[in-house]
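>>> Sequence unavailable; structure follows:
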């Protein structure tokens, strides 16, 4: 510290009572900033920066996964409501994930990190959900086919009886 700064610091410290002027407050802030700078550890700063970069990459990946899961849920719901074969194009999915991920990061709407420990269980639950959904759809289709067969057999039986009468 320079002699002038030490003098000013001593003068400010001597004022045990009373309000500090704006200039004195500014000077104190400057001194505190210089003191903080003196305590600066470049190795720690590099480590913190590396950790922040690592976290940013992890957040980006998590945001992509969160967006993809949300999009999958939307697509699943639309299949149930609109049509069983409904599907977004790959380019639309990529576009949506790319543009949703930054918002998820910005507002902290990412999946919690502890959830990654349950990745296998989540995938298993999604697989069971898909099996149930497809099973219900298949059952509906088979019942509709059976009903169609029964209806066609019911309409064909009178025609066969007519043929039998004509042949006799």
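That came through fine. Computed from a predicted structure; not experimentally measured.
>>> show me where pLDDT drops low in this structure?
The model of the chain has pLDDT under 70 over residues 1-6, 9-20, 36-40, 111-113, 157-168.
>>> Return the residues in contact with residue 60.
Under the criterion of CB atoms under 8 Å, 6 or more residues apart in numbering, the neighbours of residue 60 are 101, 105. C-beta here means a position set from N, CA and C on the backbone, and glycine is covered the same way.
>>> Which helix or which strand is home to it?
Secondary structure from DSSP states H and E places residue 60 in helix 42-81.
>>> The protein: helices as residue ranges?
Along the chain, counting by DSSP state H, helices occupy 3-14, 22-38, 42-81, 90-106, 119-167.
>>> In contact with the most centrally placed residue in the chain, which residues are there?
Computing the C-alpha centroid of the chain and ranking residues by CA atoms, centre = their mean puts residue 66 first, at 2.3 Å. Residue 66 makes contact with 101, 104, 109-111 under the criterion CB under 8 Å, 6+ apart.
>>> With residue 47 instead?
No contacts exist for residue 47 under CB under 8 Å, 6+ apart.
>>> Next one: it from residue 77, what distance?
Note on residue 47: its distance to residue 77, by CB to CB, to the nearest Å, is 45 Å.
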